[in-house]
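In: structure of the sequence below:
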Amino acid sequence: MADQTVDATIEVTGTFDGAGGRFVAGPELGDGGQSEGQDATFELADGAALTNVILGVHCLGSCTLRDVTREDVGEDAATFTGSGATVLVEGGSAAKGTDKVCQDNRLAGGSVTIRDFAVSDFGKALTGAGADDIGLCDIFEGDDTGDEPTKIGSEPDGVTCVAEGVTVE
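Out: Prediction:
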């Protein structure tokens, strides 16, 4: 599949399979730098799934990102929003995220699970949840009040955080 330039955010409500295609953000979406507030290439509605693409994405609630690759992260490879959202990132990779790879802006509850995901040349793998820096296996417990979650662990425990298949360079 040839590169596809995206001039307006593609909104996904079900499942979008990009068949391994590269979706390149046009200048209308931002300059691809580190400045906050740039528009996403894809925006996933609550419950949507995105598979087999090379790009950046915003999830507006629960979502699944499977085998999604970001060759040059820019601002974020993925941003997660919503209250009580459950996010699954499975497979894929990201590179050149000098600030961060993923931004967690969820309000309360839910979870973010990242597995079998390779990251290279980056500052932080994940930011948000009220913390300046979230480690690979930092585990938080939240509630439905919107208060900042409490950190309850930071090491792989084989259940909540399994560090098998993780590549960090």
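
In: need the helices for this structure, in chain order.
Out: Secondary structure of the chain (DSSP state H): no helices located.

In: report the central residue of it.
Out: Taking CA atoms, centre = their mean, the centroid of the chain lies closest to A78, which sits 3.0 Å from it.

In: show me what contacts it?
Out: 56-59, 65, 68, 70, 89, 101-103 (CB atoms under 8 Å, 6 or more residues apart in numbering). Quick note: C-beta positions are derived from backbone N, CA and C, even for glycine.

In: one more time with 7 Å, if that's ok
Out: Shown in contact with A78 (CB atoms under 7 Å, 6 or more residues apart in numbering): 56-57, 59, 65, 89, 102.

In: mind checking which of these land in strands?
Out: Counting by DSSP state E, the part of those found in strands is 57, 59, 65, 89, 102.

In: relative to D67, how far out is the residue nearest to the centre of the chain?
Out: 13 Å (CB to CB, to the nearest Å).

In: how about K151?
Out: For K151, the distance to D67 - CB to CB - is 30 Å.

In: do L126 as well
Out: Distance, L126 to D67, by CB to CB: 19 Å.

In: who's more crowded, those two?
Out: A count of neighbours by other CB atoms under 10 Å puts L126 above the other of L126 and D67, at 22 against 19.

In: correct me if wrong: the more buried one contacts D104.
Out: Yes. Counting by CB atoms under 7 Å, L126 touches D104, with 6.0 Å between them.

In: surely V6 is in contact with G21?
Out: No. Contact criterion CB under 7 Å: V6 and G21 do not qualify, at 10.8 Å.

In: between the two, who's got more neighbours?
Out: Between V6 and G21, counted using other CB under 10 Å, V6 has the larger neighbour count: 19 against 15.

In: pLDDT score for the more buried one?
Out: Per-residue pLDDT puts V6 at 87.

In: distance of it from E75?
Out: 15 Å.

In: go on, C137?
Out: Going from C137 to E75 by CB to CB gives 25 Å.
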